[in-house]
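**Q** Sequence first, predicted model second:
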Amino acid sequence: MDTRNYDLAVGACSISADTAVHAAMDHYLASVATAQPGKADVEVSVRVDPAAVAATRQTWASVPPSEMRRSHPGHRYRAWATDKSATVLLPARTSDHTITVDGHHILVHAQRAEVAATVGVRIVRQLIMRGGENRGGRAVHAAAVDLDGTGILIGGYPGAGKSSVVTRLLETHHARPVSNDRTVLIPGEPGWRAVGVPLAWRFTPEGLHASHGLATSISRGTPQRGHRLIDGKIELTPHEVDEALACRAMATTMIGRLVILARLPDDAAGPPDIGFVRQRLDFGVSDFFAEDWLGIAAHLPGRQATASPVEQENWWAHLAATMPTRVLSWTHPCELDRVAAAVAGAASGHRS
């Protein structure tokens, strides 16, 4: 077992795991790994131990769970409170792992290394999102890049071209990726901080082959997540994107400008007021990542009370009022090079 430290920008965690598990998690967590020793807010241990999985499942097989928790699209956990104030989580649909949460300690047992790595990454996502909320932030449906020290947040409805524009910013304009679809956005001084949530990148086949780097990379071998299309898209890990586009991801950046993409005629470019911004960035009440299914928020820095509807409305109003915003519209994919150049220009304009 090897222990590694991670600086999540909203807290710190350590993960103990076998080398093979760490190697798989590195595809998602390389940008937050740190060599600096320090106190971890949450300590995670991820072990490949089929016997322990079987034993835990047997222990709780005849005991009704105290509640059900939703962790991921299509994934739910049955939860039990132990007599030692810990919580045991067993997946409702599979039998390949168990999770025990005891204060700021999280123990994962898995049947296979790939399952262990998947669960470990999901736990880190939770720490980032819940830690961001503790600091007054929230997850928004947008990508974030850093261009020569200026952070750019890129939003828009699904199909607005976010992934295509971000790919061009990385490949042509030498930006660094922070996040590709989900970003934790935190208000503060001197401004808004973006923290990336580690997720797979998703590309349409047309969008992927429009990038020389991505097309070359995928022609050389099978991606970690395979060639199978998910909702019509190919999935690549953050590490695979970094390698293909010769870039290096960042965990966080200060946002200097919000750019909202609008594809005509499906969407209309309008004034970037609170309604326009929120409609395109807010995941809404159905967000499947919103639940603190680990019950870990209280052990992360900056714990705040749950925001009321009025406070949530004020958050969006504050974003619309304080964030320089530009709306860029386009009609045909041949325009995306121009759109990416305009985004890069917006970054340089902010710096000047």
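**A** Nice, I can see it.
**Q** secondary structure class for the closest residue in space to V88 that isn't next to it in sequence?
**A** With sequence-adjacent residues excluded and distances taken as C-beta to C-beta, 6 or more residues apart in numbering, V88 is closest to W80, at 4.6 Å. Just so you know, the C-beta spots here come from the backbone N, C-alpha and C atoms, and that holds for glycine as well. Using DSSP: H, G, I helix; E, B strand; the rest coil, the secondary structure recorded for W80 is strand.
**Q** likewise S286?
**A** Under three-state DSSP, S286 falls in the coil class.
**Q** 4 is where my numbering starts, stick with that
**A** Yep, numbering from 4; the last one is S289 now.
**Q** burial count for it?
**A** 6 (other C-beta atoms under 10 Å).
**Q** Repeat that for V262.
**A** Burial measure for V262: 24 neighbouring residues, criterion other C-beta under 10 Å.
**Q** Give me the sheet partners of the strand or helix carrying it and which way each runs.
**A** Secondary structure assigned from DSSP states H and E places V262 in strand 255-266. The partner list of strand 255-266 in its sheet, established with DSSP bridges, is strand 153-158 (parallel), strand 195-199 (antiparallel), strand 328-333 (parallel).
**Q** That strand: how far from the chain's middle?
**A** Taking C-alpha atoms, centre = their mean, to the nearest Å, one finds the center of strand 255-266 at 16 Å from the center of the full chain.
**Q** where do the strands sit along the stretch 54-203 of the chain?
**A** The residue ranges that make up the strands of the stretch 54-203 of the chain, judged by DSSP state E, counting those that start in this stretch, are 70-75, 78-84, 90-94, 100-105, 108-113, 141-150, 153-158, 179-182, 185-189, 195-199.
**Q** looking at those, which is closest to A54?
**A** Distances from A54 to each of these were compared using C-beta to C-beta; the minimum, 8.7 Å, belongs to strand 108-113.
**Q** what's the angle between the lengthiest helix in the chain and strand 100-105?
**A** Secondary structure of the chain read by DSSP state H shows that its longest helix is helix 116-137. Between helix 116-137 and strand 100-105, the angle formed by their directions is 40 degrees, by axes from the mean of the first three to the mean of the last three C-alpha atoms, to 10 degrees.
**Q** For helix 116-137, buried residues please.
**A** Taking 16 or more other C-beta atoms under 10 Å as the neighbour-count basis, helix 116-137 is seen to contain the buried residues 116, 118-137.
**Q** Grab the CA positions of it and hand them over as CSV.
**A** Backbone C-alpha positions of helix 116-137 (Å, rounded to 0.1, in the frame of the first residue of the first chain) are rendered in CSV as follows:
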residue,chain,number,x,y,z
ALA,A,116,-8.5,-3.1,-8.9
GLU,A,117,-10.6,-1.3,-11.6
VAL,A,118,-13.6,-1.1,-9.2
ALA,A,119,-11.4,0.2,-6.4
ALA,A,120,-10.1,3.0,-8.6
THR,A,121,-13.5,3.9,-9.9
VAL,A,122,-14.9,4.2,-6.3
GLY,A,123,-11.8,6.1,-5.2
VAL,A,124,-12.2,8.7,-7.9
ARG,A,125,-15.9,9.1,-7.1
ILE,A,126,-15.0,9.8,-3.5
VAL,A,127,-12.6,12.5,-4.5
ARG,A,128,-15.3,14.1,-6.6
GLN,A,129,-17.6,14.2,-3.5
LEU,A,130,-14.8,15.8,-1.5
ILE,A,131,-14.4,18.5,-4.1
MET,A,132,-18.1,19.3,-4.5
ARG,A,133,-19.0,19.2,-0.8
GLY,A,134,-15.8,21.1,0.1
GLY,A,135,-16.7,23.8,-2.4
GLU,A,136,-20.3,24.1,-1.0
ASN,A,137,-18.8,24.5,2.5
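**Q** what helices or strands is that helix leaning on?
**A** Helix 116-137 is packed against strand 15-20, helix 22-32, strand 45-51, strand 100-105, strand 108-113, strand 141-150, strand 185-189, strand 195-199, with contacts defined by 3 or more C-beta pairs under 8 Å, 6 or more residues apart in numbering; DSSP states H and E.
**Q** could the ones you listed be laid out in TSV, adding mean neighbour count and mean pLDDT?
**A** Converted to TSV, the helices and strands packed on helix 116-137 look like this (neighbours: other C-beta atoms under 10 Å; pLDDT from 0 to 100):
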stretch	mean neighbour count	mean pLDDT
strand 15-20	22	97
helix 22-32	20	97
strand 45-51	22	98
strand 100-105	22	98
strand 108-113	23	98
strand 141-150	25	97
strand 185-189	25	97
strand 195-199	25	98
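**Q** Let's have these in TSV, adding distance to T207.
**A** What follows is the helices and strands packed on helix 116-137, written out as TSV (distance: least, C-beta to C-beta, whole Å):
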stretch	distance to T207
strand 15-20	33
helix 22-32	21
strand 45-51	33
strand 100-105	32
strand 108-113	32
strand 141-150	15
strand 185-189	19
strand 195-199	22
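**Q** So for L156, which of these sits nearest?
**A** Proximity to L156 (C-beta to C-beta) singles out strand 141-150 among the helices and strands packed on helix 116-137, at 5.1 Å.
**Q** Just want the angle from that closest one to strand 255-266.
**A** Going by the same axes, to 10 degrees, strand 141-150 makes 100 degrees with strand 255-266.
**Q** Strand 141-150: how far from the chain's middle?
**A** The chain centroid and the centroid of strand 141-150 are separated by 9 Å under C-alpha atoms, centre = their mean.
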